[in-house]
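Visitor: Have a look at this prediction, sequence included:
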Amino acid sequence: MNAPDPARRARPYENPEYLRELGVRLATVEEIPVLVEFTREFNETTRFREYRHTPKRIAAQLRMLIEGRGFRSPVFIAEDSAGRPVGTLIGWAQDMIVTEELVAGIMFFWVLPGHAWDGAALRLLRAFARWALELGVKSINASITSGEKIEEYERVFKALGFTYTGGNFSFSTAAMTPAARRRLVGETAP
């Protein structure tokens with residue numbers, strides 16, 4: 001008997017049985033308001049508080065991702081025991097610009113503070129990792145960009161087998177001084 005043609009196999013997000021095993025599921029369009037609320041809470045409690053939160057734009061982007069328009073990007077949801085969404089992880093997979101190899105990464109990852117360490121975050125990470133591995137990615141990348149609890153998150157990623165490959169750097173222009181601008185762009189003092 002011949003093996004099934006790889007191009008005709010169900011893609012991981014078309015056969016989410018493994019998600020049920022992990023207690024995670026794919027988000028629906030009807031849940032966009034909940035997801036937008038997650039982004040608001042993220043913005044308010046992380047270094048992103050200085051960024052403008054734009055619910056309509058965020059909702060439009062979430063709709064595009066959930067409906068499968070654009071690049072491969074699943075929107076996973078973890079629920080509590082009562083079936084309420086308590087966290088989300090939005091992943092992505094695409095060819096790298098420097099090679100044709102497929103890589104995966106995390107676009108957005110947020111778990112409500114009361115559920116951050118009750119297993120919801122780990123379930124989301126495992127669902128994303130399985131999705132990425134079933135796609136055949138060369139690597140799975142995760143960045144900590146919130147500026148919060150960096151050491152704790154680093155320990156979790158390292159415990160799961162991630163290797164530290166560099167840092168995230170951010171330059172806030174919100175309160176940039178003239179001297180900081182000159183240093184950044186190489187201008188000379190007036």
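Guide: Received the coordinates, thanks.

Visitor: hey, where'd the strands end up in this protein?
Guide: Assigned by DSSP state E, the chain shows strands spanning 24-26, 75-79, 85-95, 102-111, 139-141.

Visitor: Against which helices or strands is the first one packed?
Guide: In this structure, strand 24-26 packs against strand 75-79, helix 120-135, with contacts taken as 3 or more Cβ pairs under 8 Å, 6 or more residues apart in numbering; DSSP states H and E. In short, each C-beta sits where N, CA and C put it, glycine included.

Visitor: Throw the strands of the chain into a markdown table and include mean neighbour count and distance to I150, thanks.
Guide: A markdown table is the format used below for these (neighbours: other Cβ atoms under 10 Å; distance: least, Cβ to Cβ, whole Å):
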| stretch | mean neighbour count | distance to I150 |
| --- | --- | --- |
| strand 24-26 | 19 | 25 |
| strand 75-79 | 22 | 22 |
| strand 85-95 | 21 | 18 |
| strand 102-111 | 19 | 14 |
| strand 139-141 | 16 | 16 |
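
Visitor: For R40, find the nearest of those strands.
Guide: Minimum separation from R40 across the strands of the chain (Cβ to Cβ) falls at strand 102-111, 10.1 Å.

Visitor: Within its sheet, name the partner strands of that closest one and how each one runs.
Guide: Sheet partners assigned to strand 102-111 using DSSP bridges are listed as strand 85-95 (antiparallel), strand 139-141 (parallel).

Visitor: and it, how far from the chain's centre?
Guide: Distance, stretch centre to chain centre, for strand 102-111: 3 Å (Cα atoms, centre = their mean, to the nearest Å).

Visitor: For G166, grab the count of nearby residues.
Guide: The tally of other residues near G166 (other Cβ atoms under 10 Å) stands at 6.

Visitor: need the contact list for it.
Guide: For G166, no contacting residues are found, by Cβ atoms under 8 Å, 6 or more residues apart in numbering.

Visitor: Could you do H115 as well?
Guide: By Cβ under 8 Å, 6+ apart, the contact list for H115 reads A78, D80, V86, G87, A121.

Visitor: Any idea how far apart the tips of stretch 101-120 sit?
Guide: Using Cα to Cα, to the nearest Å, the gap from the first to the last residue of stretch 101-120 comes to 30 Å.

Visitor: possible to save the strands of the chain as CSV with mean pLDDT and distance to K56?
Guide: Formatted as CSV, the entries for the strands of the chain read as follows, by pLDDT from 0 to 100; distance: least, Cβ to Cβ, whole Å:
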stretch, mean pLDDT, distance to K56
strand 24-26, 92, 23
strand 75-79, 94, 18
strand 85-95, 92, 18
strand 102-111, 91, 17
strand 139-141, 90, 29
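
Visitor: how much space between the closest residue to A129 other than its chain neighbours and E79?
Guide: Excluding its sequence neighbours, the residue lying closest to A129 (Cβ to Cβ, 6 or more residues apart in numbering) is I140, at 5.9 Å. If you measure I140 against E79 using Cβ to Cβ, to the nearest Å, the figure is 23 Å.
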